[in-house]
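> Got a sequence here, can you build the structure:
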Amino acid sequence: MLTTTTTKVLEPGELDAVLAVLDRDPVANAFVASRVAVAGLDPWRLGGELWGWYFGGRLEALCYAGANLVPISAGPEAVRAFADRALRSGRRCSSIVGPAESTAALWSLLERSWGPAREIRSHQPLMVTRALPADVEPDPGVRRVRRDELDVIMPACVAMFTEEVGVSPLAGDGGLIYQARVAELVSTGRSFARIEDGRVVFKAEIGAVTRHACQIQGVWVDPDHRGQGLSETGMAAVLHYALRDVAPVASLYVNDFNTPARAAYRRVGFTEVGAFMSVLF
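Prediction:
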């Protein structure tokens, strides 16, 4: 019997209510929505628990608790409830990431017990586009990475992750989980690159995918090729695949201090619609 406000681990029978919450903001919620679409609510398949916050018997907010802690549609009361549950469970995530306001509120309640964070990125613009750029030609050399090119793309993926996050994805388990994720993106046709003489000079992936939106991630240009416009033409090529084959809306989020990347994304038609925040451990 649900009381006026209740927080609980959600079960498969509550899937329709979960989808209704996720659909309130399909772009911002693409990461969790994509996992739910594939795995349902079973924690083993989902890679974590999905917590629900009920008000008056109605599911109003969610929090994904896996490798990342991700608040969704969480107002102040829901944030407090999720923080209480997180404190009882202990920190098992490597980051807290989500809409800036609710993520900041959640971190303010967790920081005393979980801090200090290794890094806090308090404002990461969320950008979207629904159309191909009119004045940037797609790079014809950017294509889907083949399965037999996993050894070619992996060093670029590791370099991007290390540069972006500040730690190598090969630490800890030797990179087994990260390599499996890269292999999954390659095998599903969602890894794209320009490869010259066996070396990746541009790459990006389409990570989260739902029927409403997809999220582009892992955008990287080889340091020796930066400043040549490859990010713009490469992104235009990835958008061609994304908007034609995957979803009607493409999104991404970017660090606010990465001025060149933000300018490149604007040139290919992305506009800012909100902001994320990431707390990295």
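> for the stretch 1-150 of the chain, what are the low-confidence residue spans?
Scanning the stretch 1-150 of the chain for pLDDT under 70 picks out the ranges 1-3.
> where along it do the helices fall?
15-22, 30-39, 43-46, 76-89, 100-114, 150-165 (DSSP state H, counting those that start in this stretch).
> residues making contact with the fourth one?
With contacts defined as Cβ atoms under 8 Å, 6 or more residues apart in numbering, helix 76-89 is touched by 5, 7, 51, 53, 55, 60-61, 63, 65, 69, 71, 74, 102, 105-106, 109-110, 113. C-beta here means a position set from N, CA and C on the backbone, and glycine is covered the same way.
> and the residues you listed, which are buried?
Taking 16 or more other Cβ atoms under 10 Å as the criterion, what is buried in the contacts of helix 76-89 is 7, 51, 53, 55, 60-61, 63, 65, 69, 71, 74, 102, 105-106, 109-110.
> Check those residues and tell me the two furthest apart.
Phe55 and Leu110 (21.8 Å; Cβ to Cβ).
> Tell me who's in contact with Val152.
Counting by Cβ under 8 Å, 6+ apart, Val152 touches 145, 195, 198-200.
> change it to 7 Å
195, 198, 200 (Cβ atoms under 7 Å, 6 or more residues apart in numbering).
> Now tabulate the residues you listed in CSV and tack on distance to Met154.
CSV is the format used below for the contacts of Val152 (distance: Cβ to Cβ, whole Å):
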residue, distance to Met154
Ile195, 12
Gly198, 13
Val200, 9
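> Most neighbours out of the residues you listed, which is it?
Ranked by neighbour count (other Cβ atoms under 10 Å), the contacts of Val152 have Val200 at the top, with 23 neighbours.
> Give the helix, strand or coil label for that one.
strand (DSSP: H, G, I helix; E, B strand; the rest coil).
> And the residue nearest to it when sequence neighbours are not counted, what's its pLDDT?
Nearest residue to Val200, sequence neighbours excluded (Cβ to Cβ, 6 or more residues apart in numbering): Ala156, at 3.8 Å. In this prediction, Ala156 carries a pLDDT score of 98.
> doesn't Lys203 make contact with Ala156?
Yes - counting by Cβ atoms under 7 Å, Ala156 does reach Lys203; the two are 5.2 Å apart.
> Give me the common contacts of those two.
Trp220.
> residues in contact with the residue nearest to Val200?
For Ala156, the contact set (Cβ under 7 Å, 6+ apart) comprises 200, 203, 220.
> Ok, Phe161 next?
Pro169.
> How about Arg144?
By Cβ under 7 Å, 6+ apart, Arg144 lies in contact with 189, 191-192.
> likewise Val238?
Each residue near Val238 by Cβ under 7 Å, 6+ apart is listed here: 142, 192, 204, 216.
> Then Leu22?
Leu22 neighbours (Cβ under 7 Å, 6+ apart): 29, 32-33, 36, 72.
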